[in-house]
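In: below are the sequence and a predicted model for it; my questions follow.
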Amino acid sequence: MTSRATTPRPGRAAQTRMASASGSALPQNGEPAAAVLPDLAAIGERIRSLRSERAMSLRALAEASGVGVASLSQLENGQRNPTLATLYALAGALGAPLALLLDARAGSSVGGPGVSVRLLDTDVIGVDSDSSAQVTIEVYRLHLDSGASRRSPAHGPGVVEHVQVLTGMLRAGREGEEREASAGQNLEWVSDCPHTYRALRGPVEAVLVITTPLV
């Protein structure tokens, strides 16, 4: 699926979440609502629980995610503040949505150099009334400083990302297939390969919706 910039619509579920989030993400003064610091103990417990469910040793998860064994041990014990890149790497290795590592705690914010995401909402819904298939929907407020960029690792099969740009100009999508979008436009792509975000003119504020099929 090629990244595309549109003023149109993503899927119905993502469209509904985007409309709700973009309408409430900016208060009257134009500034984002205050973020909530991540609960380090809850994040650590969630990582350990998911690792145990998947019968992975600490070293196996460290190798699969590229996170050092010592760093991973500190994270699981709530002794280290995770970066966005670290949590994405662990989520990918565990085959879990990022929101699950954040303990589905609305307001939780994580970041890295020039880039941050804040969880606004998460839910599990049915794809349609004629199917038992379900997807996890994660809604984030995405911020990039002007000129900031981020490369995200591949997510699982069928994971789709939708971005609605609120301010600035963003270039994002599957690596090598990135497209540009300005305020009021959407980007959408399947995230089963590395993908990137870059603020071309900004800072950029956007709503990011990630849908993950449940298997």
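Out: Alright, I've got the coordinates.

In: lowest-confidence helix or strand of this structure?
Out: Least confident helix or strand of the chain, by mean pLDDT, DSSP states H and E, is helix 12-24 with a mean of 44.

In: state the mean pLDDT of the helix or strand just after it.
Out: The helix or strand immediately downstream of helix 12-24 is helix 40-53, counting by DSSP states H and E. The pLDDT scores in helix 40-53 average 91.

In: so what does helix 40-53 touch, helix or strand wise?
Out: Applying 3 or more Cβ pairs under 8 Å, 6 or more residues apart in numbering; DSSP states H and E, we find helix 40-53 packed against helix 69-76, helix 84-94, helix 98-101. In this view, the C-beta of every residue, glycine as well, is placed from N, C-alpha and C.

In: can I have that helix written out in CSV, keeping just the CAs?
Out: Included here for helix 40-53 are C-alpha records, laid out as CSV according to Å, rounded to 0.1, in the frame of the first residue of the first chain:
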residue,chain,number,x,y,z
LEU,A,40,7.2,3.7,34.9
ALA,A,41,6.2,0.8,37.2
ALA,A,42,3.1,0.0,35.2
ILE,A,43,5.1,0.1,31.9
GLY,A,44,7.7,-2.2,33.4
GLU,A,45,5.1,-4.7,34.7
ARG,A,46,3.3,-4.6,31.3
ILE,A,47,6.5,-5.4,29.4
ARG,A,48,7.4,-8.2,31.8
SER,A,49,3.8,-9.6,31.6
LEU,A,50,3.8,-9.6,27.8
ARG,A,51,7.2,-11.2,27.7
SER,A,52,6.1,-14.0,30.0
GLU,A,53,3.0,-14.6,28.0
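
In: buried sites along that helix?
Out: Of the residues in helix 40-53, 40, 42-44, 46-48, 50-51 count as buried by neighbour count, 16 or more other Cβ atoms under 10 Å.

In: then stretch 200-215?
Out: Neighbour-count burial for stretch 200-215 [16+ other Cβ under 10 Å]: 200, 202, 204-212.

In: now render those as TSV, adding distance to residue 121 and secondary structure.
Out: Shown next, in TSV, are these (distance: Cβ to Cβ, whole Å; DSSP: H, G, I helix; E, B strand; the rest coil):
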residue	distance to residue 121	secondary structure
200	27	strand
202	24	strand
204	20	strand
205	17	strand
206	15	strand
207	10	strand
208	11	strand
209	9	strand
210	11	strand
211	13	strand
212	14	strand
